[in-house]
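>>> sequence first, then the predicted structure:
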Amino acid sequence: RARCAESLGAPGLPASEVVPLLKQVVQLDPEGYVRAAAINALAQYTHADLLVLLHERLRKERHPVGFQATLDLSLTLADESTSGHLSRLLDEHPHMKPEQTLLVVQKLAHLGDPQSIPAIFAVEQKHQGTKLAKMCRLAVTILESGEFEAQNMLEPIPNQPRVPTIPWDPESPDVQLPELAVESTADGLDFIR
């Protein structure tokens with residue numbers, strides 16, 4: 001099932017049919033590796049509504065591979081609607097790895113929402129004396145600063161996309177493929193487009 005979900009991320013497939021199937025797999029499949037493969041395939045069909053699904057999955061996902069895939073795509077697509085979800089994630093997901101928490105704190109610093117300060121401060125308190133605590137202190141300083149000061153302090157903080165994505169417009173027509181014809185030959189089946 002994971003390979004099948006992964007293959008749905010191949011270019012040239014009818015997105016209007018593929019995206020609903022992938023969303024269903026992300027929401028309903030019991031296996032984390034399958035959900036992760038579906039999330040990775042959805043990176044080939046990114047659109048505005050995808051963040052709603054990712055925000056929901058960040059709260060619910062407990063499988064480590066599924067969580068990492070969801071987090072990576074969420075951080076790549078993050079916009080102003082994401083900061084509240086990422087702040088809650090810091091509060092509600094205590095088993096996040098320090099590397100994952102660091103990525104979330106860095107993204108929150110770039111999103112610039114001062115309402116995320118309490119969640120970042122709580123992380124700093126739990127990780128005193130670590131690289132993560134230093135980043136938390138810097139993020140809080142940035143979020144408390146004016147816009148010009150914040151821009152200068154943000155320069156050394158990474159903000160690259162975590163996953164390569166391809167935007168998709170749900171209003172655009174699907175790619176049309178010619179009919180597939182199958183012919184039986186002495187050597188087996190022959191597929192003709």
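Here it is on my side, so go on.
>>> centre-most residue in the chain?
For the chain, the residue nearest the mean C-alpha position is Leu73 (1.6 Å; C-alpha atoms, centre = their mean).
>>> quick one: residues contacting that one.
By C-beta atoms under 8 Å, 6 or more residues apart in numbering, the contact set of Leu73 is Ile39, Asn40, Leu42, Ala43, Leu50, Leu54, Arg162, Val163, Thr165. C-beta here means a position set from N, CA and C on the backbone, and glycine is covered the same way.
>>> just the ones in helices from those residues, please.
Ile39, Asn40, Leu42, Leu50, Leu54 (DSSP state H).
>>> from those residues, which would you call buried?
In terms of neighbour count (16 or more other C-beta atoms under 10 Å), the buried residues within the ones in helices among the contacts of Leu73 are Ile39, Asn40, Leu42, Leu50, Leu54.
>>> how about those residues in CSV, adding pLDDT and distance to Pro173?
Below are these laid out as CSV (pLDDT from 0 to 100; distance: C-beta to C-beta, whole Å):
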residue, pLDDT, distance to Pro173
Ile39, 97, 25
Asn40, 97, 25
Leu42, 97, 20
Leu50, 95, 20
Leu54, 96, 26
